[in-house]
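A.B. asks: just the structure for this:
(2 chains)
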Amino acid sequence: MTMNGLREALREAAREVDGYDVLDRAIVGGRRRRRVSMAASGLAVLAVLGLTTVVVAPMLTGDGRIAQPPDVPTIPERIGPPAPFTRDAADHPPGRASLIISGHQGDLVVVGATDDTYRVIDTDAEPGWDALLSPTGDKVAYADRLSVRVVDLVEGGTRTYHPTDSTVDAFAPAAWLPDGTGLVVLATTFPDDPTTQGIRKELSILDLATGALDEFAEATWPIATPGFAVAVSPDGNRIAYQFADFVTVFDRTTRTKTRFDLVSYYFVLAGRAAWAPDGSLTLLHKTWKKPAGYAWELQLVDPADGTLRGVIPVPGSPTVVRLIGWSEDDDPVVVTYEGPYDAMHFGPGDVILSGFDGTVGVARLSRGQARVLVHPDDRINFIDVAEDLLADPRTRPGDPPWALPPFDRVAASLCLLTTVAVLVAAWVLVNRRPRTGVTPTAAGPDRS
Amino acid sequence: MRDDDFRDFVRARGTALSRTAYLLTGDHHPAEDLLQTALARTYQHWPRVRDGDPEAYVRRALHNTYVSWWRRQPPPPVAEISPTTTDSTDATLRRITVLNALRALTPRQRAVIVLRYFEDLTEVQAAEVLGVTLGTVKRLHFDALARLRSLAPHLIDAEVTVP
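C.D. replies: So this is what the prediction gives:
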């Protein structure tokens, strides 16, 4: 088969073309392509530089790939929201955490203890309220509708614990046991008839190994605000909790209870670290003063009868403070909340910081001064710190993934989007089909 | 200097390249567009291209642009070309037959036929131009000939005496 017939037919068909006069148009088109290509190359370089500085570098540092020198657990002074696509804490465990944080728009964020490894947990539970970091920083417990979930930050994975009573309407962690083997959990059951009083609350100890619940308190009194309601003594043997305007201390060994009344609704258990190093219980008290209006003080009281033993003033006039630990020098460490919320009344049952939209910080109160340990990004509204780190609170500078302030971040994002749009437009310009003739078609009469 | 070289090249090889473009598209207007785009791409890289084999570069641009265009926007259904009363010679009939037959091929099959039987390239050279493997060219070639044989058997099997 020689294919001479096909060859000759092709040549005969081609001979009807004398040559198209496209030289000048091709040169014009080639020049335009060259200009667009050069501009696109320049923009591509800018885009790469922008991406590197705005996205990649923060993600690298935020993901802990640039490790901090010491391998000692420390508290980051600066923290912020996670970078996009930050990995899940349960699937990619970061190791022990120094703190957990969250803002109004975003998941719960775990920040590593020895470097700025960031991980996320898909929940809207709020750190310090219904999401609690264990004392050693190896686990996070949080409320998930009718269950309590515990994420293991060292081994990975999540365990889910349910209440034994199927009528329970809410189940949430209230405090960690100091050794991390269990949690004090709060089960809430609403009455069938919503017009009646009597929301039932049960406090139990949840054994994480077995899932067993040991109920030690039940009441229809209003319970104090989450984050303040329950405190476990450092030896794990005594649990103080507040219903209404009285505080009860439960002894786990003898299973006995003692109780004392608070002077007024302007007192509340000071937080999870309400047990002071000297064995006193710490209450948070709102006082009135001029001209600031009000101030806070920590009152140390006898856990047996509430007798006042001492007072530690809180500098400034924060919206409220929550006691989360004690240093080896017996200085209290508090989370400070600063925002528009009016905490005039934070009596039992009031969720005083629900919907809080202000800023938080962590400060060590020493000799009448508040030494700031952690100064989070403004977008962080809730924080909880591993209690063991507060005994000797060493800090590191911290390198949050999104170090840029909001305005710069928006500007950088706009630049990036513009650059991408220009690159796409350049590609379209370079590759578009010239419109010198009719719509391309293989049909129609030949021009001969 | 750049333009002079380029203009000289196009003036020398423009007709041959136009004919390749025409055989690929089967119509003059798209053929002009195709050639213009391929030459514009060549001009863009002319300082680098002119020291090598500019015609091979343009040919590669022609075929790749053609395949790319038709992949993005397939040609509409074709109407067969019919000979007019003045187009009644054997040569004319053969020309019309081959153009109609080519339109029944896929763009890549058509490109292979043009490269093999109009440009007289080997299958290896055709593969280089199209940027595909030799095996792909062999398959395209085989399928294209089978299609042409069913449409115009006399083009494939007939011995023709070239004048």
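A.B. asks: got the CA coordinates for the lowest-mean-pLDDT helix or strand in chain B in PDB?
C.D. replies: Taking all helices and strands of chain B together, the one with the lowest average confidence (mean pLDDT, DSSP states H and E) is helix B:153-157, at a mean of 73. Output for helix B:153-157, consisting of C-alpha atoms alone and laid out as PDB, is shown next (Å, rounded to 0.1, in the frame of the first residue of the first chain):
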ATOM      1  CA  PRO B 153     -11.100   3.500  -0.400                       C
ATOM      2  CA  HIS B 154      -9.800   4.700  -3.700                       C
ATOM      3  CA  LEU B 155      -7.600   7.200  -1.900                       C
ATOM      4  CA  ILE B 156      -5.900   4.500   0.200                       C
ATOM      5  CA  ASP B 157      -5.500   1.700  -2.200                       C
END
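A.B. asks: off-centre distance for it?
C.D. replies: When distances are taken as Cα atoms, centre = their mean, to the nearest Å, helix B:153-157 is centred 19 Å away from the chain's centroid.
A.B. asks: next, the buried residues of that helix.
C.D. replies: Judged by neighbour count using 16 or more other Cβ atoms under 10 Å in any protein chain shown, the buried positions of helix B:153-157 are B:155-156. Yep, even glycine has a C-beta here, placed from its N, CA and C like the rest.
A.B. asks: which residues does it contact?
C.D. replies: The contact list for helix B:153-157, computed with Cβ atoms under 8 Å, 6 or more residues apart in numbering or on different chains, reads A:1, A:3, A:5-6, A:9, B:94, B:97-98, B:101, B:145, B:148-149.
A.B. asks: buried among those residues? Need that as a selection in PyMOL.
C.D. replies: In PyMOL, this line selects whichever of the contacts of helix B:153-157 come out buried by 16+ other Cβ under 10 Å:
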select buried, (chain A and resi 3+5+6+9) or (chain B and resi 94+97+98+101+145+148)
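A.B. asks: quickly name whichever of the contacts of helix B:153-157 is closest to residue A:301.
C.D. replies: The closest of those to residue A:301 turns out to be residue B:145 (Cβ to Cβ; 99.7 Å).
A.B. asks: ok, back up a step: just the ones of the contacts of helix B:153-157 in helices?
C.D. replies: A:5-6, A:9, B:94, B:97-98, B:101, B:145, B:148-149 (DSSP state H).
A.B. asks: what would these look like in CSV with pLDDT?
C.D. replies: Compiled in CSV, the ones in helices among the contacts of helix B:153-157 are given as follows (pLDDT from 0 to 100):
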residue, pLDDT
A:5, 81
A:6, 87
A:9, 87
B:94, 77
B:97, 82
B:98, 84
B:101, 86
B:145, 89
B:148, 87
B:149, 86
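A.B. asks: which two among those are spaced furthest apart?
C.D. replies: Of all the pairs that these form, the one spanning the most space (Cβ to Cβ) is B:94 and B:145, at 17.0 Å.
A.B. asks: residue A:153 and residue A:136 touch, don't they?
C.D. replies: No: counting by Cβ atoms under 8 Å, residue A:153 stays clear of residue A:136, with 9.8 Å between them.
A.B. asks: overlap in contacts, these two.
C.D. replies: Among the neighbours of residue A:153, those also in contact with residue A:136 (Cβ under 8 Å, 6+ apart) are residue A:96.
A.B. asks: so for those two, which residue has more residues nearby?
C.D. replies: In this view residue A:153 and residue A:136 are compared by other Cβ atoms under 10 Å in any protein chain shown, and residue A:153 has more residues nearby, 28 against 20.
A.B. asks: distance check, that one against chain B.
C.D. replies: From residue A:153 over to chain B the distance is 51 Å, taken as Cβ to the nearest Cβ, to the nearest Å.
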